[in-house]
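Undergrad: let me see the structure of the following:
(one chain, ligands or ions: 1)
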Amino acid sequence: MDKTNYTSDDIESRYTPGAGIGVFAKRQLQPKQTLYETSDEYFSIIYRRYWKEVCGFCYNYDSGLDWKLKENHIGVVFCSEECRSKFMKRIAIAPDLHAFLISVEEFSRKRKQLKTAPDPEDDDIIPDRRIIEESWTDSQNTLLDIVNTLASDKPNKAQRKLLSEVQAAGLRAYDEDSDTDIDSIKNLASYIATNVLSPSTVAHTLTLSTTIEPCTLSRLLDQQINHYLALVSLLPPSLSQYALSAPSIAKILAVDRSNSFGIWSGSSDLKCTHTEERSELLGSMLVPSLSRFNHSCSPTVSKQRSRHTWTFSTTDVVNADQEIFITYLGGDEKTLNVDDRRQRLVNGWGFICGCVKCTNESTQSDID
Ligand SMILES: C[S@@+](CC[C@H](N)C(=O)[O-])C[C@H]1O[C@@H](n2cnc3c(N)ncnc32)[C@H](O)[C@@H]1O
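TA: Reported below is the predicted structural model:
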């Protein structure tokens, strides 16, 4: 499968009326046919609450038990020596990446020690797309100053002051739940780490479309920008070239919100046969090669996760040239009515569902 054009003998991506790009069958597909299995790079985050229980390499989760193999200094645990060795080998591709991950973990732990209540005045402001884009663009000059400082052999007083100021701003508390802040820090750090390990994955992600803003409250927007600038200031000089521009981060955050898949505990076990059994949300994954599948409330493809691999298989016959769909509602589309389904999709993904089932049911309720 060609990952960016989504082309294999069975499927390809094409424009589809009203929903951008979608994935279509090139020939008739039979039920239970495996269409796609991921083996490519992706962005991911395991939420802080679960970091001791979820293998940092394969996402194995065993009923909430802590894994014993720990790399505490980077905040990652492993279910086996094999996973630990694969993970460590992967990050060793860039010698200073390990040092960066250690700094990120130290920074996150410092954040946990701070306890400041959020500013209530800012709580309810929902910035629009223009404000979000302008805010990130405005931070680009500071970002360039940080990168120049990192590149300088002998930073002057003003440059050293800049680094300590951005780190202090990044540590300032905006949310009472420090785990959520740490998730934000680790998520942004994973964008930089992915850029170090696989710049093509980042480039691919920047081509994807979005329909929803990356955050909903002003204080979260400020928080993300401050976290990101602080993270860049922690980069070892040899990695400073991998700092993504501020507008690129804004775009990836938006793509992440529209395209990422939850890592649910139910389907993490290899023995689990359920497609999307949901219990606890352990984290999320953004896999660019899976990001062109549109949603339908009567999907024709099921997605199943086993550890860190997603497999997409048909649930029905799909004729040549028909679009194939997954569900973004994880099975809830079977029980919700059209209004509730559409509302959930608007809230979560920012689009009004135009699938055949919703179109038929809304036309029917207009007639009634
Ligand atoms: C994960 S992306 C899917 C690929 C996307 N169509 C593209 O062009 O990159 C999700 C976006 O596709 C569109 N989309 C997906 N399913 C849809 C549906 N049932 N009705 C309308 N738009 C849909 C929405 O814009 C949504 O935010």
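Undergrad: what ranges do the helices span in the stretch 101-250 of the chain?
TA: Under the criterion DSSP state H, counting those that start in this stretch, the stretch 101-250 of the chain contains helices at 129-138, 140-151, 157-171, 178-197, 199-206, 218-233, 246-259.
Undergrad: can you tell me which of those helices is most buried?
TA: helix 218-233 (a mean of 23; mean count of other Cβ atoms under 10 Å). For every residue, glycine as well, the C-beta is placed using N, CA and C.
Undergrad: now that helix - C-alpha only, PDB.
TA: In PDB, the C-alpha atoms belonging to helix 218-233 read as follows (Å, rounded to 0.1, in the frame of the first residue of the first chain):
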ATOM      1  CA  SER A 218      -8.300  30.600  25.400                       C
ATOM      2  CA  ARG A 219      -6.500  29.400  28.400                       C
ATOM      3  CA  LEU A 220      -5.800  26.100  26.700                       C
ATOM      4  CA  LEU A 221      -4.500  27.900  23.600                       C
ATOM      5  CA  ASP A 222      -2.100  29.900  25.800                       C
ATOM      6  CA  GLN A 223      -1.200  26.800  27.600                       C
ATOM      7  CA  GLN A 224      -0.300  24.900  24.500                       C
ATOM      8  CA  ILE A 225       1.800  27.700  23.100                       C
ATOM      9  CA  ASN A 226       3.700  28.200  26.300                       C
ATOM     10  CA  HIS A 227       4.200  24.400  26.600                       C
ATOM     11  CA  TYR A 228       5.500  24.200  23.100                       C
ATOM     12  CA  LEU A 229       8.000  27.100  23.400                       C
ATOM     13  CA  ALA A 230       9.300  25.600  26.700                       C
ATOM     14  CA  LEU A 231       9.700  22.300  25.000                       C
ATOM     15  CA  VAL A 232      11.700  23.800  22.200                       C
ATOM     16  CA  SER A 233      13.900  25.500  24.700                       C
END
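Undergrad: tell me the SS of I352?
TA: Classification of I352 by DSSP: H, G, I helix; E, B strand; the rest coil places it in coil.
Undergrad: separation between it and Q322?
TA: 22 Å (Cβ to Cβ, to the nearest Å).
Undergrad: poorly predicted segments of the stretch 251-368 of the chain, please.
TA: 267-278, 365-368 (pLDDT under 70).
Undergrad: one more time with 50
TA: Residues of the stretch 251-368 of the chain meeting the criterion pLDDT under 50: 268-277.
Undergrad: quick check: residues of the protein near the ligand?
TA: Listed as neighbours of the ligand in the chain under the rule Cβ under 6 Å from any ligand atom: 18-22, 208-209, 211, 258-259, 291-292, 294-296, 349-351, 353-355.
Undergrad: so of the residues you listed, which ones are in strands?
TA: Taking DSSP state E as the definition of strands, the residues of the chain next to the ligand contribute 21-22, 294-295.
Undergrad: ok, of the residues you listed, which one's closest to I263?
TA: Distance ranking of those against I263, using Cβ to Cβ, places H295 first at 18.9 Å.
Undergrad: what sits against the residue nearest to the closest one when sequence neighbours are not counted?
TA: Counting by Cβ to Cβ, 6 or more residues apart in numbering, Y328 is the residue found nearest to H295 once chain neighbours are left out, at 4.3 Å. By Cβ atoms under 8 Å, 6 or more residues apart in numbering, the contact list for Y328 reads 295, 345, 348-349.
Undergrad: in terms of helices and strands, where is Y328?
TA: Assessed by DSSP states H and E, Y328 sits outside every helix and strand.
Undergrad: distance of it from W51?
TA: According to Cβ to Cβ, Y328 stands 26 Å off from W51.
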